[in-house]
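> I'll drop the sequence and a predicted model, then ask my questions.
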Amino acid sequence: MKLIPALLLITAASTSAHGQAFTNLDFEAATVTQPPNGISFIDWSAAAPGWSHSAGADTSAVYYGGTHVGVTQWFLLTDAATVPAGPLAGAYSLSFASGYDSSNASGSQWVNAYVSQTGLLPSDARALTLLASGPLGITINGTAGALVSLGGSAYGVDVTAYAGQSAEIRFINTSTQLFNPVTIDNVAFSASPVPEPPVWLLLGMTLAGWQAVARRAKGCSSR
């Protein structure tokens with residue numbers, strides 16, 4: 001398991017009993033059977049219990065063993081046995097890619113795929129930390145958070161303003177291209193603050209991603 005430097009992690013189980021705790025933040029609660037060959041489709045309650053996701057065509061199940069070659073969103077439970085790249089940590093990670101929603105009544109439109117949870121943050125939470133790869137954006141109660149690189153695939157987001165509160169945390173694939181997945185793992189809360197990021201990193205990791213999403217949304221609305 002890759003360690004995140006200078007951060008004391010707090011597990012989701014340490015949250016107060018006065019609110020719903022975050023669960024399965026490392027995706028290790030998956031219940032799967034190895035596919036005999038090819039691709040399997042697993043219910044969300046078994047593949048990623050506790051997680052919600054963006055709606056659209058082909059999102060009712062999580063892929064296992066491989067994904068489709070269409071143009072819709074997809075969600076994939078990643079493991080070393082079925083996916084060559086393997087997980088970021090532990091036995092499982094979750095990957096997801098943006099795509100078109102052909103089920104929309106007004107015709108196909110682009111959807112930036114996301115997964116999310118709503119729960120009670122620990123009262124002393126200062127940072128949310130995770131392992132990630134790909135074009136990732138994070139919102140907390142709809143407000144974009146600034147991802148700070150902690151080295152390698154480790155990242156942190158300042159959550160001080162939400163400590164002790166219930167909040168929705170959403171992990172978004174900000175890509176405007178097909179087959180450009182995000183992979184996340186080992187989401188946790190920390191009592192240590194996120195190191196201050198340099199200005200160029202904030203600009204590169206937040207503004208560029210969210211401007212791309214805005215351009216795509218504007219393009220869809222003008223059709």
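Yes, it's here.
> going forward, measure contacts between C-alpha atoms and count neighbours the same way
Noted.
> how close does Gly70 sit to Ser153?
Remark: distance between Gly70 and Ser153 (CA to CA, to the nearest Å) = 28 Å.
> Comparing the two, which shows the higher neighbour count?
Taking neighbours as other CA atoms under 10 Å, Gly70 and Ser153 compare with Ser153 leading, 16 against 12.
> okay but the more buried one is in contact with Gly134, surely?
No. Using CA atoms under 8 Å, Ser153 makes no contact with Gly134, being 9.7 Å away.
> Mutual contacts of those two, please.
When contacts are counted by CA atoms under 8 Å, 6 or more residues apart in numbering, Ser153 and Gly134 have no shared neighbour.
> How about the contacts made by the most centrally placed residue in the chain?
Centroid-nearest residue in the chain: Phe171, 3.5 Å away (criterion: CA atoms, centre = their mean). Residues near Phe171 by CA under 8 Å, 6+ apart: 114-116, 136-139.
> Taking those residues, tell me the two that lie furthest apart.
Distances among the contacts of Phe171 were taken as CA to CA; the most separated pair is Ser116 and Leu136, at 12.8 Å.
> more neighbours, the two?
Neighbours were counted for Ser116 and for Leu136 using other CA under 10 Å; Leu136 has more, 20 against 17.
> Model confidence at that one, what's the number?
On the pLDDT scale, Leu136 is placed at 98.
> And the nearest residue to it once chain neighbours are set aside, how far from Phe189?
Distances taken as CA to CA, 6 or more residues apart in numbering put Asn173 closest to Leu136, at 5.1 Å, once the chain neighbours are dropped. Here the distance between Asn173 and Phe189 works out to 21 Å (CA to CA).
> try Pro49
Separation of Pro49 from Phe189 (CA to CA): 19 Å.
> higher neighbour count, the two?
Phe189 (27 against 17).
> Since that was my last question, I'll sign off now.
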